[in-house]
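In: model this:
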Amino acid sequence: MNPVRPNRDHSRRDRPERAVSRTSSGKSSFSSSARKSGGRPSFGGNKNAGGRPSFGGNRSARGRSGGVGKAGGNGRFRGAKIDVSRFINKAREVEKPRPYVPQFSFVQFGFSPELTKNVVDHGYVTPTPIQDQAIPHVLAGKDVIGIANTGTGKTAAFLLPLVEKMLQARNKKAIIIVPTRELALQIEMELRGFVRGMGIASVSCIGGTNIREQMRNLRNRHNFVIGTPGRLKDLQERKCLHMSEYSTVVLDEADRMLDMGFITDIKAILKEMPHERHSLFFSATFSPDIEKLVGGFLKEPIRISVRVGDTAASVDQDIVRVIDRAKKIEVLHDMLSKKEFEKVLIFGQTKWGVEKLSNELTKRGFKSVSIHGNKTQGQRKSALELFKGNRVQIMVATDVASRGLDINDVSHVINYDLPATYEDYTHRVGRTGRAGKTGKAITFVE
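Out: Numbering: from 1, shown residues only. Here you go, the predicted model:
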């Protein structure tokens, strides 16, 4: 029996996930057919003597998948232009760069005693490159464009100097705009640790949670608002969020927000801010679209780039060719049954497909949770905590989980559905092979 289809949320604010793609027969691209003996595909592309494909396959071949080549919700083509041979790479030992020698320690930035104490209590001693280079400029009130790999301490690079700014002028307010709810909550949690005992308040404004509660919180005294573009725009339209009150704006993971189609909302939000403001843009990449955006909103920005290498270099990457789409779930089942698949993040294309796949894996005896735009914020938070805490083996997600989230020890990333672009692929597989460890990524190609 097929899992019950979850309720769909047709909100226009939920842009990053597409409508379900279907085959010409009208069936969804995911099939949960019963396990059958014989004729079942396994890893790879070239068929062996038994008629079953083997692991690896022709590196130059191009695969096609249901829905690939059809425009997604924002007009991009899902994987149509990606040579699947780019999904096959052995992890290489990345030459370690020379140890970075910071100019400052955290006690040398000149923070107030109470902030310095909280920073030290957090165990912060030596700044990362982005922190070392960005914090002095932010403290000086300069606009900053910071380009750095995910997981290199960008959050503290803007939070710490902004907290100091609020300590010096309690009436100052800052707004931090991020692409996903999870990243917003992660930033708010880090902020609370830094401002403990200081009387500095923050308001989280994200979808999937009670907007009326957020409206009430915005009426109370606060210094920080952390939110996603869609919800911030809603609050702005309801006259509950007055951008003229905020003298500082931070766009974190700016490239992802533009990629998710939030450009119109971001421009509408920034348009209502004071002309004289402090603007900070942090991103993992700096595309021409971001260049256009920041060109109109930043004033003589300081550009800092400490991005090093390709996150995917530490990840073993290979493909799995599936000739019969109906057997795709069987191949996945066989993989997940192996001992080495300890902590697995599976990416799907659509909200409905992700939910259906997670339910099917649960029916088959795996411990699985899902994250996508149709989940309430409580459900998403619970699923993430279960996966982070190693209480479930598998998390199935749309691309809301491909950026910004700090999840330790993911052994495998599996692209059950092809990503939209190679950049999306890089961010997906970047969830494994972190902190000096080698990870593994497998991409299904039909």
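In: what residue ranges in the stretch 251-400 of the chain score low on pLDDT?
Out: 309-313 (pLDDT under 70).
In: Let me see the ranges of the helices in it.
Out: For the stretch 251-400 of the chain, helices defined by DSSP state H, counting those that start in this stretch occupy the ranges 254-259, 263-271, 288-295, 328-336, 351-363, 377-388.
In: quick one: buried residues of the last one?
Out: Pointing back at helix 377-388 there. Buried residues in helix 377-388, counting neighbours by 16 or more other C-beta atoms under 10 Å, are found at 377, 380-381, 383-384, 387-388. Quick note: C-beta positions are derived from backbone N, CA and C, even for glycine.
In: now do the shortest one
Out: Applying a neighbour-count criterion of 16+ other C-beta under 10 Å, one finds 254-259 buried in helix 254-259.
In: Check which helices and strands that helix sits against.
Out: Secondary-structure packing of helix 254-259 (3 or more C-beta pairs under 8 Å, 6 or more residues apart in numbering; DSSP states H and E): helix 263-271, strand 278-283, helix 288-295, helix 422-429.
In: Return the residues in contact with residue 140.
Out: If you count contacts by C-beta atoms under 8 Å, 6 or more residues apart in numbering, residue 140 has none.
In: per-residue pLDDT, it?
Out: What the model reports for residue 140 is a pLDDT of 96.
In: Relative to residue 302, how far out is it?
Out: 9 Å (C-beta to C-beta, to the nearest Å).
In: How about residue 400?
Out: 31 Å.
In: now do residue 191
Out: On the measure of C-beta to C-beta, residue 191 and residue 302 end up 23 Å apart.
In: so residue 418 touches residue 83, yeah?
Out: No: using C-beta atoms under 8 Å as the test, residue 418 is too far from residue 83 to be in contact (11.7 Å).
In: So if I had to pick from those two, which one is more boxed in?
Out: Neighbours were tallied for residue 418 and for residue 83 using other C-beta atoms under 10 Å; the higher tally belongs to residue 418 (27 against 13).
In: picking up where we left off before, for residue 191 and residue 302, indicate the residue with more neighbours.
Out: residue 191 (24 against 17).
In: Going by secondary structure, that one is in what exactly?
Out: Per DSSP states H and E: residue 191 is located in helix 181-194.
In: Determine the angle, from 0 to 180 degrees, between that helix and helix 377-388.
Out: On the basis of axes from the mean of the first three to the mean of the last three C-alpha atoms, to 10 degrees, helix 181-194 is oriented at 80 degrees to helix 377-388.
In: In helix 181-194, which of the residues would be classed as buried?
Out: 181-188, 190-191, 194.
In: mind checking how far residue 402 is from residue 317?
Out: Counting by C-beta to C-beta, the gap from residue 402 to residue 317 is 15 Å.
In: repeat for residue 190
Out: 31 Å.
In: Next: residue 120.
Out: 40 Å.
In: again, but for residue 424
Out: From residue 424 to residue 317 the distance is 14 Å (C-beta to C-beta).
In: again with residue 227
Out: Distance from residue 227 to residue 317, by C-beta to C-beta: 35 Å.
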